[in-house]
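Trainee: sequence and computational prediction follow.
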Amino acid sequence: MISNRLTVLVLVIASLMTAAAVFPAAANPIYASNGLGMFVDDLPGRPASMGGAGVANADGKNMLRDNPALLSAFTIHSYSFGASHVKSSVSADMVDDADIAQTRAEVLKLVIPLWRGLTLGWGISPLTRTDSIIEYSYGDYTDRTTFKGGINVSSLSIAGSFRNIVRLGISYNYNFGMIEESWDREFESDEFDDSTDTIKKKYKGNGFTVCAVARVWGNTSVGIGYTGKTDLDVTVRVRPGQFSYPEKTFSTRNRSLPARWRLGVTSVFMRRFTASADLSLANWEDIAKTQEERDMFTNTYRVGAGIRYAPAQFTGIPYYRKLAISAGFKFGTMYYKSYPTIDTVTEKAVTFGLEFPFLENVASLITSFEYGTRGVKNDNGWDESYSRIGLLLIGTIK
(Lines give C-alpha, C1' and ligand atoms only; values in the text may rest on other atoms or scores of the structure.)
Protein backbone atom coordinates (compact mmCIF):
# COMPACT_ATOMS: atom_id res chain seq x y z
CA MET A 1 0.00 0.00 0.00
CA ILE A 2 2.79 2.42 0.92
CA SER A 3 4.62 1.58 -2.31
CA ASN A 4 1.55 2.28 -4.46
CA ARG A 5 0.77 5.60 -2.75
CA LEU A 6 4.42 6.62 -2.98
CA THR A 7 4.54 5.88 -6.71
CA VAL A 8 1.40 7.92 -7.40
CA LEU A 9 2.68 10.77 -5.23
CA VAL A 10 6.02 10.95 -7.05
CA LEU A 11 4.32 10.94 -10.48
CA VAL A 12 1.88 13.71 -9.53
CA ILE A 13 4.55 15.92 -8.00
CA ALA A 14 6.94 15.34 -10.92
CA SER A 15 4.26 16.49 -13.36
CA LEU A 16 3.64 19.61 -11.25
CA MET A 17 7.36 20.37 -11.17
CA THR A 18 7.58 19.99 -14.94
CA ALA A 19 4.62 22.30 -15.48
CA ALA A 20 6.10 24.95 -13.22
CA ALA A 21 9.44 24.73 -15.01
CA VAL A 22 8.04 24.88 -18.54
CA PHE A 23 5.54 27.69 -18.09
CA PRO A 24 7.26 30.59 -16.29
CA ALA A 25 5.37 33.87 -16.46
CA ALA A 26 8.48 35.84 -17.39
CA ALA A 27 12.20 36.06 -16.63
CA ASN A 28 14.44 36.79 -13.68
CA PRO A 29 16.24 40.14 -13.09
CA ILE A 30 19.42 41.00 -14.97
CA TYR A 31 21.43 40.05 -11.86
CA ALA A 32 20.55 36.39 -12.57
CA SER A 33 22.71 36.46 -15.72
CA ASN A 34 25.89 36.85 -13.64
CA GLY A 35 28.13 33.96 -12.64
CA LEU A 36 26.07 30.82 -12.03
CA GLY A 37 22.83 32.77 -11.76
CA MET A 38 20.79 33.72 -8.73
CA PHE A 39 20.99 31.28 -5.83
CA VAL A 40 17.72 29.75 -4.64
CA ASP A 41 17.70 29.79 -0.84
CA ASP A 42 17.15 26.50 0.98
CA LEU A 43 14.04 27.64 2.86
CA PRO A 44 11.25 25.05 2.57
CA GLY A 45 8.09 25.65 4.59
CA ARG A 46 8.38 27.16 8.06
CA PRO A 47 11.92 28.58 7.67
CA ALA A 48 10.70 30.67 4.71
CA SER A 49 8.15 32.43 6.95
CA MET A 50 10.60 32.84 9.87
CA GLY A 51 13.22 34.94 8.12
CA GLY A 52 15.04 31.89 6.77
CA ALA A 53 15.81 30.55 10.27
CA GLY A 54 15.39 26.89 11.19
CA VAL A 55 18.68 24.99 11.02
CA ALA A 56 18.27 24.03 14.71
CA ASN A 57 14.51 23.39 14.66
CA ALA A 58 13.99 19.60 14.93
CA ASP A 59 10.19 19.69 15.12
CA GLY A 60 9.46 16.75 12.84
CA LYS A 61 8.28 19.04 10.01
CA ASN A 62 11.60 20.57 8.95
CA MET A 63 13.32 19.26 5.82
CA LEU A 64 16.16 21.75 5.35
CA ARG A 65 18.78 20.50 2.90
CA ASP A 66 21.52 22.35 4.80
CA ASN A 67 20.97 20.21 7.93
CA PRO A 68 19.92 16.61 7.22
CA ALA A 69 20.19 15.79 10.95
CA LEU A 70 16.71 17.33 11.29
CA LEU A 71 15.28 14.30 9.46
CA SER A 72 15.87 12.13 12.52
CA ALA A 73 12.92 13.89 14.22
CA PHE A 74 10.47 12.28 11.74
CA THR A 75 8.68 9.20 13.09
CA ILE A 76 6.54 8.32 10.06
CA HIS A 77 7.07 8.17 6.29
CA SER A 78 6.65 11.74 5.02
CA TYR A 79 6.86 13.81 1.87
CA SER A 80 6.98 17.46 0.90
CA PHE A 81 6.53 19.40 -2.32
CA GLY A 82 7.05 23.15 -2.56
CA ALA A 83 6.65 25.85 -5.19
CA SER A 84 6.79 29.64 -5.25
CA HIS A 85 5.63 32.63 -7.27
CA VAL A 86 7.98 35.62 -7.33
CA LYS A 87 7.24 39.12 -8.64
CA SER A 88 9.76 41.94 -8.81
CA SER A 89 10.21 45.44 -10.15
CA VAL A 90 13.69 46.51 -11.25
CA SER A 91 14.75 50.13 -11.60
CA ALA A 92 18.11 50.85 -13.26
CA ASP A 93 19.94 53.92 -14.52
CA MET A 94 19.50 54.78 -18.22
CA VAL A 95 17.12 51.85 -18.97
CA ASP A 96 13.39 51.31 -18.67
CA ASP A 97 12.01 49.81 -15.47
CA ALA A 98 11.05 46.13 -15.72
CA ASP A 99 8.29 44.18 -13.97
CA ILE A 100 9.02 40.47 -13.74
CA ALA A 101 7.14 37.37 -12.50
CA GLN A 102 7.95 33.67 -12.32
CA THR A 103 6.44 30.49 -10.89
CA ARG A 104 8.76 27.58 -10.15
CA ALA A 105 8.96 24.32 -8.23
CA GLU A 106 11.46 24.52 -5.38
CA VAL A 107 11.65 21.22 -3.53
CA LEU A 108 10.56 17.59 -3.62
CA LYS A 109 11.56 15.46 -0.63
CA LEU A 110 10.81 12.05 0.87
CA VAL A 111 11.67 10.91 4.41
CA ILE A 112 11.69 7.25 5.49
CA PRO A 113 12.25 6.38 9.18
CA LEU A 114 14.16 3.09 9.39
CA TRP A 115 14.76 2.04 13.00
CA ARG A 116 15.02 3.79 16.40
CA GLY A 117 15.82 7.29 15.22
CA LEU A 118 17.70 6.21 12.11
CA THR A 119 16.15 7.97 9.11
CA LEU A 120 16.73 7.99 5.36
CA GLY A 121 15.90 10.99 3.19
CA TRP A 122 16.04 11.99 -0.46
CA GLY A 123 15.32 15.34 -2.08
CA ILE A 124 15.80 17.40 -5.21
CA SER A 125 15.74 21.18 -5.49
CA PRO A 126 17.20 24.02 -7.59
CA LEU A 127 20.47 25.54 -6.40
CA THR A 128 20.78 28.38 -8.94
CA ARG A 129 18.52 29.86 -11.63
CA THR A 130 19.23 32.24 -14.53
CA ASP A 131 16.21 32.76 -16.88
CA SER A 132 16.99 36.40 -17.71
CA ILE A 133 16.77 38.44 -20.92
CA ILE A 134 18.80 41.52 -21.90
CA GLU A 135 17.73 43.37 -25.04
CA TYR A 136 19.15 46.41 -26.86
CA SER A 137 17.92 48.14 -30.04
CA TYR A 138 20.31 49.93 -32.41
CA GLY A 139 17.93 51.30 -35.06
CA ASP A 140 18.26 48.79 -37.91
CA TYR A 141 18.83 45.72 -35.72
CA THR A 142 18.10 44.39 -32.22
CA ASP A 143 20.45 42.34 -30.03
CA ARG A 144 18.96 40.04 -27.41
CA THR A 145 20.91 37.94 -24.89
CA THR A 146 18.99 35.12 -23.19
CA PHE A 147 20.14 33.10 -20.18
CA LYS A 148 18.26 29.90 -19.30
CA GLY A 149 18.64 27.06 -16.83
CA GLY A 150 20.68 26.58 -13.69
CA ILE A 151 22.19 24.02 -11.34
CA ASN A 152 20.10 21.53 -9.34
CA VAL A 153 21.05 19.37 -6.38
CA SER A 154 19.84 15.88 -5.51
CA SER A 155 20.61 14.84 -1.93
CA LEU A 156 20.60 11.38 -0.36
CA SER A 157 20.74 11.71 3.42
CA ILE A 158 20.93 9.55 6.52
CA ALA A 159 20.38 10.84 10.04
CA GLY A 160 20.26 9.44 13.55
CA SER A 161 19.50 10.63 17.08
CA PHE A 162 20.65 9.75 20.59
CA ARG A 163 17.80 10.08 23.13
CA ASN A 164 16.51 13.09 21.16
CA ILE A 165 19.36 15.11 22.65
CA VAL A 166 21.97 14.89 19.91
CA ARG A 167 21.12 14.44 16.23
CA LEU A 168 23.68 13.81 13.49
CA GLY A 169 23.29 13.66 9.73
CA ILE A 170 25.22 13.43 6.48
CA SER A 171 24.18 13.93 2.85
CA TYR A 172 25.66 12.94 -0.47
CA ASN A 173 24.87 15.75 -2.92
CA TYR A 174 24.83 15.32 -6.69
CA ASN A 175 24.90 18.68 -8.46
CA PHE A 176 23.82 18.79 -12.10
CA GLY A 177 22.28 21.11 -14.65
CA MET A 178 22.82 23.27 -17.70
CA ILE A 179 23.02 27.02 -18.33
CA GLU A 180 22.38 28.12 -21.91
CA GLU A 181 23.38 31.54 -23.24
CA SER A 182 22.01 32.69 -26.60
CA TRP A 183 22.90 35.85 -28.56
CA ASP A 184 20.26 36.78 -31.14
CA ARG A 185 20.59 39.54 -33.73
CA GLU A 186 17.42 40.46 -35.63
CA PHE A 187 17.59 42.88 -38.57
CA GLU A 188 14.77 45.18 -39.61
CA SER A 189 15.63 44.64 -43.27
CA ASP A 190 15.31 41.34 -45.14
CA GLU A 191 18.65 42.05 -46.83
CA PHE A 192 20.46 40.53 -43.87
CA ASP A 193 19.96 37.16 -42.20
CA ASP A 194 19.20 36.97 -38.51
CA SER A 195 21.74 35.02 -36.46
CA THR A 196 21.87 33.12 -33.18
CA ASP A 197 25.02 32.10 -31.32
CA THR A 198 24.54 29.62 -28.48
CA ILE A 199 26.74 28.40 -25.65
CA LYS A 200 25.59 25.51 -23.45
CA LYS A 201 27.43 24.77 -20.22
CA LYS A 202 26.61 21.43 -18.62
CA TYR A 203 27.56 20.97 -14.96
CA LYS A 204 27.95 17.87 -12.81
CA GLY A 205 29.76 17.15 -9.58
CA ASN A 206 29.55 15.45 -6.19
CA GLY A 207 29.60 17.00 -2.73
CA PHE A 208 28.63 16.37 0.87
CA THR A 209 26.94 17.98 3.87
CA VAL A 210 27.60 17.09 7.51
CA CYS A 211 25.61 18.50 10.38
CA ALA A 212 24.43 18.22 13.96
CA VAL A 213 21.66 19.43 16.27
CA ALA A 214 22.01 19.36 20.05
CA ARG A 215 19.63 20.27 22.86
CA VAL A 216 21.80 22.38 25.13
CA TRP A 217 19.37 23.58 27.78
CA GLY A 218 15.68 22.95 28.42
CA ASN A 219 13.87 23.51 25.12
CA THR A 220 16.78 25.31 23.46
CA SER A 221 18.75 23.65 20.65
CA VAL A 222 21.68 24.67 18.50
CA GLY A 223 22.37 23.43 14.99
CA ILE A 224 25.26 23.52 12.56
CA GLY A 225 25.56 22.42 8.97
CA TYR A 226 28.64 22.38 6.73
CA THR A 227 28.57 21.79 2.98
CA GLY A 228 32.05 21.22 1.62
CA LYS A 229 33.58 22.85 -1.43
CA THR A 230 32.20 21.07 -4.50
CA ASP A 231 34.17 20.67 -7.73
CA LEU A 232 32.08 20.63 -10.90
CA ASP A 233 32.97 19.26 -14.32
CA VAL A 234 31.82 21.67 -17.04
CA THR A 235 31.29 20.70 -20.68
CA VAL A 236 30.94 23.67 -23.03
CA ARG A 237 29.13 23.20 -26.35
CA VAL A 238 28.66 25.93 -28.96
CA ARG A 239 26.49 26.52 -32.02
CA PRO A 240 27.59 29.58 -34.04
CA GLY A 241 25.40 31.57 -36.42
CA GLN A 242 22.44 29.85 -38.06
CA PHE A 243 20.38 27.06 -36.45
CA SER A 244 21.43 24.77 -39.32
CA TYR A 245 25.02 24.79 -38.08
CA PRO A 246 25.97 21.76 -35.96
CA GLU A 247 26.51 22.00 -32.24
CA LYS A 248 30.06 21.13 -31.24
CA THR A 249 31.95 20.53 -28.01
CA PHE A 250 34.15 23.55 -27.47
CA SER A 251 35.95 22.67 -24.24
CA THR A 252 35.83 20.90 -20.91
CA ARG A 253 36.80 22.72 -17.75
CA ASN A 254 36.33 22.78 -14.00
CA ARG A 255 34.70 25.20 -11.63
CA SER A 256 33.71 25.03 -7.98
CA LEU A 257 30.91 25.81 -5.56
CA PRO A 258 32.20 27.31 -2.30
CA ALA A 259 32.12 25.76 1.15
CA ARG A 260 29.04 26.91 3.07
CA TRP A 261 28.30 27.10 6.81
CA ARG A 262 24.91 27.44 8.46
CA LEU A 263 24.54 27.92 12.22
CA GLY A 264 21.46 28.54 14.31
CA VAL A 265 19.57 28.37 17.58
CA THR A 266 15.93 27.52 18.34
CA SER A 267 13.99 27.89 21.60
CA VAL A 268 10.43 26.83 22.49
CA PHE A 269 8.53 28.85 25.11
CA MET A 270 5.36 27.71 26.88
CA ARG A 271 4.89 24.98 24.22
CA ARG A 272 3.27 27.51 21.90
CA PHE A 273 5.99 29.95 20.87
CA THR A 274 9.08 29.04 18.88
CA ALA A 275 11.91 31.49 18.19
CA SER A 276 14.76 30.77 15.76
CA ALA A 277 17.81 32.61 14.44
CA ASP A 278 20.29 31.55 11.74
CA LEU A 279 23.60 32.73 10.29
CA SER A 280 24.73 31.49 6.85
CA LEU A 281 28.23 32.00 5.39
CA ALA A 282 29.76 31.13 2.00
CA ASN A 283 33.40 31.65 0.94
CA TRP A 284 33.01 32.70 -2.71
CA GLU A 285 36.35 34.48 -2.89
CA ASP A 286 38.13 31.15 -2.26
CA ILE A 287 36.87 29.61 -5.52
CA ALA A 288 37.58 32.55 -7.87
CA LYS A 289 39.84 31.45 -10.75
CA THR A 290 39.87 34.27 -13.30
CA GLN A 291 40.69 37.92 -12.71
CA GLU A 292 37.06 38.84 -13.42
CA GLU A 293 35.86 36.42 -10.73
CA ARG A 294 38.39 37.79 -8.25
CA ASP A 295 37.06 41.29 -8.95
CA MET A 296 33.37 40.33 -8.86
CA PHE A 297 33.00 37.52 -6.29
CA THR A 298 32.52 38.41 -2.64
CA ASN A 299 32.03 36.26 0.45
CA THR A 300 28.41 36.23 1.56
CA TYR A 301 26.45 36.10 4.78
CA ARG A 302 22.80 36.03 5.71
CA VAL A 303 21.24 36.68 9.13
CA GLY A 304 17.64 35.63 9.68
CA ALA A 305 15.32 35.39 12.68
CA GLY A 306 11.67 34.66 13.29
CA ILE A 307 8.96 33.51 15.68
CA ARG A 308 6.06 31.05 15.37
CA TYR A 309 2.88 30.73 17.41
CA ALA A 310 1.06 27.39 17.40
CA PRO A 311 -2.44 27.60 18.97
CA ALA A 312 -3.83 24.80 21.10
CA GLN A 313 -5.68 22.06 19.20
CA PHE A 314 -9.04 21.36 20.85
CA THR A 315 -11.99 19.46 19.44
CA GLY A 316 -14.82 21.72 18.38
CA ILE A 317 -12.91 25.01 18.11
CA PRO A 318 -13.28 27.00 14.84
CA TYR A 319 -10.86 26.03 12.08
CA TYR A 320 -9.27 29.49 11.89
CA ARG A 321 -8.16 29.17 15.51
CA LYS A 322 -6.07 26.11 14.58
CA LEU A 323 -3.85 28.05 12.17
CA ALA A 324 -0.23 28.52 13.22
CA ILE A 325 1.29 31.89 12.38
CA SER A 326 4.93 32.91 11.78
CA ALA A 327 6.86 36.11 11.12
CA GLY A 328 10.49 37.13 10.69
CA PHE A 329 13.14 39.14 8.88
CA LYS A 330 16.43 38.53 7.09
CA PHE A 331 19.40 40.54 5.83
CA GLY A 332 22.44 39.52 3.82
CA THR A 333 24.71 39.95 0.81
CA MET A 334 24.81 38.34 -2.64
CA TYR A 335 27.87 36.61 -4.07
CA TYR A 336 28.27 38.59 -7.32
CA LYS A 337 28.96 42.32 -7.28
CA SER A 338 26.91 44.55 -9.53
CA TYR A 339 27.15 46.48 -12.76
CA PRO A 340 27.34 49.32 -13.76
CA THR A 341 28.82 50.29 -10.38
CA ILE A 342 30.97 47.47 -9.03
CA ASP A 343 29.85 47.10 -5.44
CA THR A 344 28.42 44.43 -3.13
CA VAL A 345 24.69 43.78 -3.49
CA THR A 346 22.63 43.60 -0.29
CA GLU A 347 19.28 41.91 0.20
CA LYS A 348 16.77 42.45 3.01
CA ALA A 349 13.23 41.21 3.57
CA VAL A 350 10.40 40.68 6.03
CA THR A 351 8.46 37.41 6.10
CA PHE A 352 5.10 36.09 7.25
CA GLY A 353 3.34 32.72 7.11
CA LEU A 354 0.24 30.69 7.92
CA GLU A 355 -0.15 26.91 8.27
CA PHE A 356 -3.35 25.13 7.26
CA PRO A 357 -3.73 21.62 8.79
CA PHE A 358 -5.74 18.99 6.94
CA LEU A 359 -8.18 16.58 8.56
CA GLU A 360 -6.67 13.95 10.85
CA ASN A 361 -3.31 15.72 10.52
CA VAL A 362 -2.45 13.70 7.40
CA ALA A 363 -0.90 16.81 5.83
CA SER A 364 -0.40 20.54 6.20
CA LEU A 365 -0.20 23.34 3.69
CA ILE A 366 2.45 25.80 4.83
CA THR A 367 2.30 29.22 3.21
CA SER A 368 4.96 31.93 3.31
CA PHE A 369 4.97 35.54 2.17
CA GLU A 370 8.11 37.60 1.69
CA TYR A 371 8.66 41.21 0.70
CA GLY A 372 12.14 42.59 0.22
CA THR A 373 14.62 44.67 -1.72
CA ARG A 374 17.93 43.98 -3.49
CA GLY A 375 20.54 46.50 -4.45
CA VAL A 376 20.83 50.24 -3.79
CA LYS A 377 20.65 52.52 -6.82
CA ASN A 378 23.26 54.96 -5.47
CA ASP A 379 25.71 52.11 -4.78
CA ASN A 380 24.90 49.58 -7.51
CA GLY A 381 23.25 51.57 -10.30
CA TRP A 382 20.00 49.64 -9.84
CA ASP A 383 17.59 48.43 -7.20
CA GLU A 384 14.82 45.86 -7.06
CA SER A 385 11.77 45.32 -4.89
CA TYR A 386 10.26 41.84 -4.86
CA SER A 387 7.53 39.76 -3.31
CA ARG A 388 7.41 35.99 -2.97
CA ILE A 389 4.52 33.64 -2.20
CA GLY A 390 5.60 30.13 -1.21
CA LEU A 391 3.54 26.98 -0.79
CA LEU A 392 4.77 23.76 0.78
CA LEU A 393 2.63 20.64 1.08
CA ILE A 394 3.99 18.32 3.76
CA GLY A 395 2.24 15.10 4.70
CA THR A 396 2.52 11.54 5.88
CA ILE A 397 2.42 8.28 3.92
CA LYS A 398 0.46 5.64 5.82
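Mentor: On my side now, so go ahead.
Trainee: shaky segments in the stretch 251-398 of the chain?
Mentor: Applying pLDDT under 70 to the stretch 251-398 of the chain picks out residues 313-316, 360-361.
Trainee: what about the helices in it?
Mentor: Taking DSSP state H, counting those that start in this stretch to define them, one finds helices in the stretch 251-398 of the chain at 291-296, 377-380.
Trainee: make TSV out of the ones you listed and add mean neighbour count and distance to residue 252.
Mentor: All C-beta spots, glycine's among them, are computed from the backbone N, C-alpha and C. Shown next, in TSV, are the helices of the stretch 251-398 of the chain (neighbours: other Cβ atoms under 10 Å; distance: least, Cβ to Cβ, whole Å):
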stretch	mean neighbour count	distance to residue 252
helix 291-296	12	19
helix 377-380	15	34
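Trainee: please convert those to a markdown table, extending it with distance to residue 340.
Mentor: Output for the helices of the stretch 251-398 of the chain, formatted as a markdown table (distance: least, Cβ to Cβ, whole Å):
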| stretch | distance to residue 340 |
| --- | --- |
| helix 291-296 | 13 |
| helix 377-380 | 8 |
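Trainee: among these, which is nearest residue 211?
Mentor: For those, proximity to residue 211 was assessed by Cβ to Cβ; helix 291-296 is nearest, at 28.4 Å.
Trainee: just give me the neighbour total for residue 339.
Mentor: Using other Cβ atoms under 10 Å, the number of residues around residue 339 comes to 15.
Trainee: how close does the residue nearest to it when sequence neighbours are not counted get to residue 342?
Mentor: When the adjacent residues along the chain are set aside, residue 339 lies closest to residue 381, with 6.8 Å between them (Cβ to Cβ, 6 or more residues apart in numbering). Using Cβ to Cβ, to the nearest Å, residue 381 is found at 9 Å from residue 342.
Trainee: again, but for residue 55
Mentor: Following Cβ to Cβ, the distance that separates residue 55 from residue 342 is 32 Å.
Trainee: compare the two (neighbour count), which wins?
Mentor: residue 55 (33 against 12).
Trainee: for the more buried one, give me its contacts.
Mentor: 64, 66-67, 70, 211, 223-225, 262-264, 278 (Cβ atoms under 8 Å, 6 or more residues apart in numbering).
Trainee: next one: residue 380
Mentor: Contacts of residue 380 (Cβ under 8 Å, 6+ apart): 338, 341, 343, 345.
Trainee: now those: which count as buried?
Mentor: By neighbour count, with 16 or more other Cβ atoms under 10 Å, these hold 338, 345 as buried.
Trainee: could you save the contacts of residue 380 as JSON lines and add columns showing distance to residue 218?
Mentor: What follows is these, written out as JSON lines (distance: Cβ to Cβ, whole Å):
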{"residue": "338", "distance to residue 218": "45"}
{"residue": "341", "distance to residue 218": "49"}
{"residue": "343", "distance to residue 218": "44"}
{"residue": "345", "distance to residue 218": "39"}
